[in-house]
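Asker: Dropping a prediction and its sequence here:
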Amino acid sequence: MTDNHCCNSCKGKGKEIETLRILLAHWIEHNNSHEQGFREWAEKAEKLGKAEAYKMISKAADSLKAASDYLLEAKKHI
């Protein structure tokens, strides 16, 4: 019985690991898409003379980039 329990446990872990791989890839792609949109709108804000908005939106884009970098690093350890 102990062996079957281990096998079932391992199968469940394998499925969760695959789900985690898929989620990490999705989150990275999703963040990259939003980062690009943020940068486009930051540029528009700058052109509209909204320097502080440009600065804050750019910081948000930088934060998404950093989050994606962490997620990519996590993916390497899966």
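Answerer: Yep, that arrived.
Asker: Tell me which other helices or strands the top helix by length along the chain touches.
Answerer: If you go by DSSP state H, the chain has its longest helix at helix 2-47. Contacts defined by 3 or more C-beta pairs under 8 Å, 6 or more residues apart in numbering; DSSP states H and E place helix 2-47 against helix 51-76. C-beta: built from backbone N, CA, C; applies to glycine.
Asker: re earlier: chain center to the longest helix of the chain: distance?
Answerer: Distance of helix 2-47 from the chain centroid (C-alpha atoms, centre = their mean, to the nearest Å) equals 6 Å.
Asker: Also stretch 51-66?
Answerer: Centroid displacement of stretch 51-66 relative to its chain, using C-alpha atoms, centre = their mean, is 16 Å.
Asker: quick one: average pLDDT of it?
Answerer: On average, the pLDDT along stretch 51-66 is 98.
Asker: For it, buried residues please.
Answerer: Under the neighbour-count criterion of 16 or more other C-beta atoms under 10 Å, stretch 51-66 has 54, 57, 58, 60, 61, 64 buried.
Asker: any idea what sits nearest the second one, other than its immediate chain neighbours?
Answerer: Nearest in space to residue 57, with sequence neighbours left out and distances taken as C-beta to C-beta, 6 or more residues apart in numbering, is residue 42 at 3.9 Å.
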